[in-house]
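**Q** Need a 3D model of the following:
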Amino acid sequence: MAAARRHRRVAASQPGFIPLKADSDGRSSAVGRRKRVNKNKKKNWNKFSDITEVEEFLDDVRLQERAAGGLIADKTDDSLFFVDTGNKESVLEPGPSRKKGKDAKPLRIDLILQPSSNVAPPKDILAYQRPNAKKERRMAQKAQKLADMGILPRRGKRLQKAPVKEKPAVSKDPDRNFYDLWSAGSPETADPYYLEQTKKKLVKRPEKMNEKPSVLPAVEVIGPGGSYNPDFFSHQALLLEAHEVEVTKLKAEQKLDRKLAVNKRELATQESTFKEQIEGLVEEEEEPVQETAGLVEDAEDEAVGPTAQQDKKTERQRKREKDERIKELQKAAARKMIDSRQQLFKLRSIDLELKKREQKTKMRQIQRKTRQEAQKALPRRLGRLKFQAPDLDVQLSDELAGSLRTLKPEGSVLKDRFKSLQKRNLIEPRERAKFKRKHKVKYVEKRAFKEIK
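**A** Have a look, this model is predicted:
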């Protein structure tokens, strides 16, 4: 771009430059006495510099570039003039949209939308740039070089080892069996393309999606003790179960009360309070200070001087230490060899130890599987809150009804279904949202109420 601009500027500065405008003859219309100004100062450069001629020249150059696509002085005569021979040839070719008996002319809207500038659009440099292009080119060259040598990368080796799945090719044989897609009955065909397009072949789902989150049934049937006219023993068993639940709750409350209970021994008494109040006000008797003069004298007798610095080791000492380290390593290697040989005589004990370890591993696996199976029937922790089991719907012995007419309904079907969804790990345990007023209630006495007073 800079070279092109320099070329146009040099061409326009030649004496053969033809201005496009009639009034731009290179001379200023305003003729007057120039003001004498000191140009040595920088502040006067732009203030008293007349650049009208330069601007007119540049405007004329830009106009020629837009109208003619370049400087007119650089154009050839064939591109600027033509010989009129009188032959009127239609520019537009006849087409289906051309009306009969009339010359095809472009529409006015098409002429308006045509570009009025002959200047070529600037080249979009960003369209040719790619991030990390140099790095990718270098990696491609390296991969090509390794491929020529017969060395494949890790991904290429995996692709070679992986089995190639051939896609079912759509048969274009005209003699193939056709079937009516809109027929009432389903055609007997095993064409995979047909099965995929008609949704007959289902997508293979992951096995985990077929697993249920819990092994509990959707509807749990209460025991025989919950009937309206139950047997005596079954009703007593249900009452015992409800009693154990209440005992567990009572023990948990008592344990919490014991932990939060205040120790009476730690309570403040009047005597301890009085001691705290008078602390620091009464001067206590000074205890006799033991004389430590003897200790001070003994400490003074000790000689205090600079610590002795370790002398530099000689070459002989270094060699001796190196030989000792080598001997220790040799002894450790010999001891290790002897221990490995001695293990040959302990093969029976090692075999028994391995068998015991395998038995322990199997027992742990069985215990782990048993624990996992037991946890499938228990609610998991899905959210912030824990699952709270609902209370048992139990009627006492004196509340039992002999018939369905006198039976009193208990519980709620909606709550029972909601708790069942939580117990089967389908939804997380929730609590009722608490209403919190955003703004305080503002009381205003109106004028009409004031007048009544």
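
**Q** which residues does Lys313 contact?
**A** With contacts taken as Cβ atoms under 8 Å, 6 or more residues apart in numbering, Lys313 has no neighbouring residues. C-betas here are computed from N, CA, C, even on glycine.

**Q** how close does it get to Arg325?
**A** When distances are taken as Cβ to Cβ, to the nearest Å, Lys313 and Arg325 turn out to be 14 Å apart.

**Q** what does Pro121 give?
**A** Pro121 is 80 Å from Arg325, by Cβ to Cβ.

**Q** For the two, indicate the residue with more neighbours.
**A** With neighbours defined as other Cβ atoms under 10 Å, Pro121 and Arg325 compare such that Arg325 has more, 10 against 7.

**Q** Can you classify the more buried one as helix, strand or coil?
**A** Three-state call for Arg325 (DSSP: H, G, I helix; E, B strand; the rest coil): helix.

**Q** could you check the distance from it over to Thr314?
**A** From Arg325 to Thr314 the distance is 17 Å (Cβ to Cβ).

**Q** again, but for Glu220
**A** The span separating Glu220 from Thr314 equals 89 Å under the rule Cβ to Cβ.

**Q** what do you get for Val413?
**A** 97 Å.

**Q** Over to Leu407?
**A** According to Cβ to Cβ, Leu407 stands 107 Å off from Thr314.

**Q** The two: which is more packed in?
**A** Neighbour comparison, Leu407 and Thr314: the larger count goes to Leu407, with 13 against 9 (by other Cβ under 10 Å).

**Q** For that one, which non-adjacent residue is spatially closest?
**A** What sits nearest to Leu407 in space, not counting adjacent residues and going by Cβ to Cβ, 6 or more residues apart in numbering, is Ala401, at 4.5 Å.

**Q** who's in contact with the one you found?
**A** Contact criterion Cβ under 8 Å, 6+ apart gives Tyr228, Asn229, Leu407, Lys408 as the residues in contact with Ala401.

**Q** Which of those residues sits closest to Glu276?
**A** Within the set of the contacts of Ala401, Lys408 lies nearest Glu276; the separation is 62.7 Å, counting by Cβ to Cβ.

**Q** Which helix or strand in the chain has the lowest average pLDDT?
**A** The least trusted helix or strand in the chain, going by mean pLDDT, DSSP states H and E, turns out to be helix 293-301, with a mean of 51.

**Q** same for whichever strand or helix holds Glu358, what does it pack against?
**A** For Glu358, the element it lies in under DSSP states H and E is helix 347-376. Taking 3 or more Cβ pairs under 8 Å, 6 or more residues apart in numbering; DSSP states H and E as the contact definition, helix 347-376 has no neighbouring helices or strands.

**Q** Can you give the distance from it to the centre of its chain?
**A** Distance of helix 347-376 from the chain centroid (Cα atoms, centre = their mean, to the nearest Å) equals 40 Å.

**Q** quick check: mean pLDDT across that helix?
**A** Averaging pLDDT along helix 347-376 yields 93.

**Q** Also stretch 155-164?
**A** Per-region confidence: stretch 155-164 scores 79 on mean pLDDT.

**Q** Could you give me the buried positions within that stretch?
**A** For stretch 155-164, burial by neighbour count (16 or more other Cβ atoms under 10 Å) applies to no residue.

**Q** pLDDT value on Pro288, please?
**A** The predicted local confidence for Pro288 comes out at a pLDDT of 50.

**Q** Kindly report the same for Ala242.
**A** The per-residue confidence score, pLDDT, reads 93 for Ala242.

**Q** ok, it to Pro217 distance?
**A** Here the distance between Ala242 and Pro217 works out to 22 Å (Cβ to Cβ).

**Q** Neighbour count: these two, which is higher?
**A** Of the pair Ala242 and Pro217, Ala242 is the one with more neighbours under other Cβ under 10 Å, namely 15 against 9.

**Q** Now do the SS call for that one.
**A** Of the three states, Ala242 takes helix under three-state DSSP.
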